[in-house]
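Asker: Predicted coordinates and the sequence they were generated for:
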Amino acid sequence: MPREDVVDVPAIGEGLCVSNVFQTNMVIQRDKPVSVWGWGEPGEKVTVSFADQQVSAVAAADRSWEVALTPLSASGEPQVMTIKGKDTTLTLENILVGDVWVLGGQSNMEFPITNVVDGELEIASANFPRIRLLTPPRGKGFDSVRSFERLHEWSNWSGRHFRKGDWLACTPETVRDFSAIGYVFGRRLHMAAGVPIGLVDTSWGGTTVETWTPAAEVESIQQTETQDLLKTWQEKIDSWDAQADLQKQIEKYERQKKQLTDQGKPIPSHLKKPTELRPGPIADKNRPGQCYASVIKPLEGFAVKGAVFHQGYNNCFSGSAGARMYYQVFGKMIASWRRAFGDEQLPFCIISLCTAGEPQTRANFARQMNDIGAMIREAQYRTFRDLYDGGDRNVGFVSSFNFRHRSYHPKIKIPVGERAAMWAFVSQYELMRGDEYWLPPTIKEVNKVEGAIQLTMSTSITTKDDSDGDMLGFAIAGEDRRFYPAEIKYLQTGTDSRNRPQYNRNVLVLSSPFVSSPVHFRHAWARNPMTNLVNNRGVPIATQRSDNWTNADLLKALTGKDAEDPGQLSRGESHAIGAALEKEDRRRQIAEAKSLLEQEQEDSAE
């Protein structure tokens with residue numbers, strides 16, 4: 001239940017007020033100009049004083065005012081900001097100067113530390129008075145302003161109210177419901193860099209990449225898949241009949257009421273006859289631009305150090321076309337966030353889509369490749385490579401798929417936050433030297449040799465568990481588009497003086513007895529992939545492929561049938577391709593078993 005002693009605060013108050021991002025207990029970004037803004041009476045002179053600076057502005061006709069503080073050095077000493085108008089002075093206390101990081105994405109970023117493996121240990125030791133936490137509420141959609149409310153917000157997911165919009169010092173009590181990945185990321189930075197850390201969690205469960213992108217940016221993309229998405233949304237909005245929807249709600253209520261009455265049960269107090277019209281698709285959280293307007297727009301102009309973004313699950317429901325749309329939009333989203341926070345080179349770390357569902361094994365290898373999740377990860381990695389290869393050294397990429405878990409809310413979050421912190425240590429804080437601590441190994445060259453594909457990597461490759469077992473993770477296919485798990489070997493370069501083989505561990509050779517002439521490869525191509533290939537620092541090879549085949553192409557190859565909609569398979573078509581892939585797995589396993597038996601017979605004969 002909400003605490004009665006903590007009052008709600010509107011986004012814009014009467015008289016002199018400041019945006020609610022500026023509060024007691026906040027962290028102000030160091031080493032950057034800092035804008036402070038708010039509202040007053042038209043023509044009112046407003047003076048902001050902080051850290052020996054005093055800056056004034058005059059409120060405009062729409063009541064808005066804004067000043068800029070010159071860059072400040074980091075400071076863990078609590079300081080006071082005053083905002084003085086004609087008759088009113090606002091006082092914000094216990095303000096620190098350090099690094100502010102924005103956390104974005106959907107529920108796997110939102111997922112609280114209390115629900116993860118070893119989370120209670122983290123909570124018990126979370127006494128960090130110089131780490132400050134802020135979770136803004138979900139705003140007013142396209143009607144949002146450059147501020148947010150401070151209120152008790154209901155969560156349908158948790159079935160209770162959460163206090164949103166308050167800056168809080170990090171304690172075991174305040175961190176409990178905070179983002180697990182975000183907290184661990186911030187804790188590592190604070191402990192290593194020794195500066196105050198502010199964490200702003202903007203994530204929202206069940207959201208898509210296009211909703212976190214300004215609507216105008218999405219609309220500017222002319223590729224077919226994005227335009228089709230926009231057309232679909234417009235059709236939903238145009239066809240919405242609020243009165244008909246209300247009538248359906250009423251009919252549902254009457255059925256529920258009658259059922260309870262017939263059963264002799266009382267009518268619960270929460271079951272009331274609907275009377276209000278619902279807004280429908282126009283207010284849907286996944287309408288393109290909706291979450292950006294609701295949560296990011298109120299923060300526009302706020303100085304921050306960088307952002308960490310973990311999302312993708314809800315974009316897995318739109319087929320191959322949806323994955324292509326993701327790639328078209330994601331780079332625009334990153335650029336938009338950078339503009340929102342006033343820094344075209346804002347550090348931005350991408351955490352790729354996490355695992356879910358049945359783990360991929362040799363037994364179900366092909367069947368598990370039929371998952372759009374791999375295409376979303378591919379789009380995320382391609383976006384990263386576009387930026388990084390273009391010279392952007394403030395973009396980061398972290399894979400989370402090798403922390404394997406069946407749940408679509410994997411509880412292994414602490415290592416993910418630490419992996420993101422590793423990127424920041426190297427690229428933003430210079431606390432460690434060497435991109436190999438975070439940068440995924442890159443495929444530098446692809447060569448097709450007799451019966452195999454040869455990959456030259458940017459670094460030497462080993463296995464995650466450092467065992468003597470097989471290297472796992474690649475699949476290869478011939479022109480028939482049928483993928484098989486690859487046998488992965490290092491390139492043998494010769495022998496030493498004792499006739500022992502010598503290998504180049506930067507070169508992987510992919511082959512399969514089922515693919516005589518391979519033409520393409522895929523790596524980590526499943527929602528919960530079977531792979532163990534990493535560099536010497538444990539960083540996995542990212543999800544990627546050399547082909548551009550869609551699931552509709554594979555349907556044609558496996559069943560001989562054309563998809564009704566090449567962009568997204570129907571349920572029946574998905575079942576058909578799944579059944580065909582299961583047959584491929586069984587056929588391969590039978591052949592492997594026969595080969596093993598034949599080998600054993602030969603060995604016995606000898």
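Answerer: Perfect, thanks for sending it.
Asker: residue contacts, the nearest residue to S64 once chain neighbours are set aside?
Answerer: Nearest non-adjacent residue to S64, counting by CB to CB, 6 or more residues apart in numbering: W39, 5.8 Å away. Backbone N, C-alpha and C define where each C-beta goes, glycine included. Listed by CB atoms under 8 Å, 6 or more residues apart in numbering, the contact partners of W39 are I12, G13, L16, C17, A59, R63, S64, W65.
Asker: pLDDT score assigned to the closest residue in space to the third one that isn't next to it in sequence?
Answerer: If I follow you right, that is L16. Spatial nearest neighbour of L16, excluding adjacent residues (CB to CB, 6+ apart): G85 at 3.9 Å. On pLDDT, G85 comes in at 98.
Asker: Can you report phi and psi for G85?
Answerer: G85 adopts backbone torsions of phi -110, psi -160, taken as degrees, to the nearest 10.
Asker: which stretches of the protein have low pLDDT?
Answerer: For the chain, applying pLDDT under 70 flags the ranges 1-5, 157, 466-468.
Asker: ok, the residue nearest to L16 - how many residues close by?
Answerer: Neighbourhood size, G85 [other CB atoms under 10 Å]: 19.
Asker: got it, and I123?
Answerer: Neighbours around I123, by other CB under 10 Å: 18.
Asker: quick one, longest helix in the chain?
Answerer: Taking DSSP state H as the criterion, the chain has its longest helix at helix 571-605.
Asker: Mind giving me the packing neighbours of that one?
Answerer: helix 365-368, helix 551-559 (3 or more CB pairs under 8 Å, 6 or more residues apart in numbering; DSSP states H and E).
Asker: what comes into contact with the last one?
Answerer: Just to be clear, that refers to helix 551-559. 319-320, 370, 372, 480-482, 561-563, 565-567, 569, 573-574, 576-577, 580-581, 584.
Asker: Go through that helix and flag the buried ones.
Answerer: N551, A552, L554, L555, K556, A557, L558 (16 or more other CB atoms under 10 Å).
Asker: tell me the angle it makes with helix 571-605.
Answerer: Between helix 551-559 and helix 571-605, the angle comes out at 50 degrees (axes from the mean of the first three to the mean of the last three CA atoms, to 10 degrees).
Asker: and the longest strand along the chain, what does it pack onto?
Answerer: Looking across the chain with DSSP state E, the single longest strand is strand 89-105. Identification of packing neighbours for strand 89-105 by 3+ CB pairs under 8 Å, 6+ apart yields strand 17-18, strand 27-29, strand 75-84, strand 128-134, helix 180-193, strand 197-201, strand 306-310.
Asker: Give me the contacts around the shortest one.
Answerer: Put plainly, it is strand 17-18. In contact with strand 17-18 (CB under 8 Å, 6+ apart) are residues V36, W37, G38, W39, G40, I83, L90, L92.
Asker: what's the fifth one in contact with, if anything?
Answerer: Contacts here follow CB under 8 Å, 6+ apart; on that basis G40 touches G15, L16, C17, V46, A59, R63, W65, G85, K86.
Asker: The residue lying closest to the last one once chain neighbours are set aside - how many residues pack around it?
Answerer: Among residues not flanking K86 along the chain, E44 sits closest, at 5.2 Å (CB to CB, 6+ apart). Per other CB under 10 Å, the neighbour tally for E44 reads 19.
Asker: Could you do the one 4 residues further on as well?
Answerer: For V48, the neighbour count with other CB under 10 Å is 26.
Asker: Test of understanding: give the bridge partners of it.
Answerer: V55, I83 (DSSP bridges).
Asker: buried sites along stretch 81-90?
Answerer: Applying 16+ other CB under 10 Å to stretch 81-90 flags M81, I83, K84, G85, L90 as buried.
Asker: That one: how far from the chain's middle?
Answerer: Distance of stretch 81-90 from the chain centroid (CA atoms, centre = their mean, to the nearest Å) equals 40 Å.
Asker: One more: stretch 420-428?
Answerer: For stretch 420-428, the distance to the chain centre is 17 Å (CA atoms, centre = their mean).
Asker: Can you give the contact residues for that stretch?
Answerer: The contact list for stretch 420-428 (CB under 8 Å, 6+ apart) reads 181, 184-185, 188-189, 192, 305-306, 308, 347, 349, 351, 393-394, 396-398, 431-435, 437-438.
Asker: Run through the residues that contact the residue nearest to the spatial centre of the chain.
Answerer: Centrality entry for the chain: nearest residue to the mean C-alpha point is H310, 1.5 Å, by CA atoms, centre = their mean. By CB under 8 Å, 6+ apart, H310 lies in contact with G104, G105, Q106, N108, M109, I181, S203, I351, C354, S400, V416.
Asker: So what does the fifth one have for phi and psi?
Answerer: The phi/psi pair for M109 (degrees, to the nearest 10) reads phi -90, psi -40.
Asker: go on, the one 4 residues further on?
Answerer: As for I113, its main-chain torsions (degrees, to the nearest 10) stand at phi -60, psi -30.
Asker: show me what contacts the nearest residue to it once chain neighbours are set aside?
Answerer: Of all residues not flanking I113 in the chain, A180 sits nearest, at 4.2 Å (CB to CB, 6+ apart). A180 is in contact with F111, P112, I113, N115, V116, G119, E122, K413, I414, G417, counting by CB under 8 Å, 6+ apart.
Asker: what sits opposite T89 in the beta ladder?
Answerer: K84.
Asker: Looks like it contacts S49 (just checking).
Answerer: No - the criterion here is CB atoms under 8 Å, and T89 misses it with S49 at 9.7 Å.
Asker: hey, what's in contact with both of the two?
Answerer: By CB under 8 Å, 6+ apart, the residues touching both T89 and S49 are T82.
Asker: Please enumerate the helices of the stretch 201-350 of the chain.
Answerer: 215-219, 224-239, 242-262, 290-291, 319-340 (DSSP state H, counting those that start in this stretch).
Asker: most tightly surrounded among those helices?
Answerer: helix 290-291 (a mean of 26; mean count of other CB atoms under 10 Å).
Asker: Output the contacts of H310 as JSON lines; include the columns neighbour count and distance to H409.
Answerer: Shown next, in JSON lines, are the contacts of H310 (neighbours: other CB atoms under 10 Å; distance: CB to CB, whole Å):
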{"residue": "G104", "neighbour count": "26", "distance to H409": "17"}
{"residue": "G105", "neighbour count": "29", "distance to H409": "13"}
{"residue": "Q106", "neighbour count": "24", "distance to H409": "10"}
{"residue": "N108", "neighbour count": "26", "distance to H409": "6"}
{"residue": "M109", "neighbour count": "26", "distance to H409": "11"}
{"residue": "I181", "neighbour count": "32", "distance to H409": "12"}
{"residue": "S203", "neighbour count": "26", "distance to H409": "13"}
{"residue": "I351", "neighbour count": "27", "distance to H409": "14"}
{"residue": "C354", "neighbour count": "30", "distance to H409": "8"}
{"residue": "S400", "neighbour count": "25", "distance to H409": "12"}
{"residue": "V416", "neighbour count": "25", "distance to H409": "12"}
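Asker: Which one of these is nearest to S546?
Answerer: S400 (23.1 Å; CB to CB).
Asker: if we can go back for a sec, quick one: buried ones out of the contacts of G40?
Answerer: Looks like the contacts of G40 have L16, C17, V46, A59, R63, W65, G85 buried, using 16+ other CB under 10 Å.
Asker: thinking the first one is in contact with V48, fair?
Answerer: No - with contacts counted by CB under 8 Å, L16 stays clear of V48, the gap being 11.3 Å.
Asker: Find the residues that touch each one of those two.
Answerer: I83.
Asker: Any figure for the gap between the closest residue to T442 other than its chain neighbours and P440?
Answerer: Using CB to CB, 6+ apart and skipping residues adjacent in sequence, the residue nearest T442 is S458, 4.0 Å away. Distance of S458 to P440, given as CB to CB, to the nearest Å: 9 Å.
Asker: Would you format the helices and strands packed on strand 89-105 as JSON lines with distance to Y490 included?
Answerer: Output for the helices and strands packed on strand 89-105, formatted as JSON lines (distance: least, CB to CB, whole Å):
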{"stretch": "strand 17-18", "distance to Y490": "61"}
{"stretch": "strand 27-29", "distance to Y490": "47"}
{"stretch": "strand 75-84", "distance to Y490": "50"}
{"stretch": "strand 128-134", "distance to Y490": "44"}
{"stretch": "helix 180-193", "distance to Y490": "34"}
{"stretch": "strand 197-201", "distance to Y490": "42"}
{"stretch": "strand 306-310", "distance to Y490": "33"}
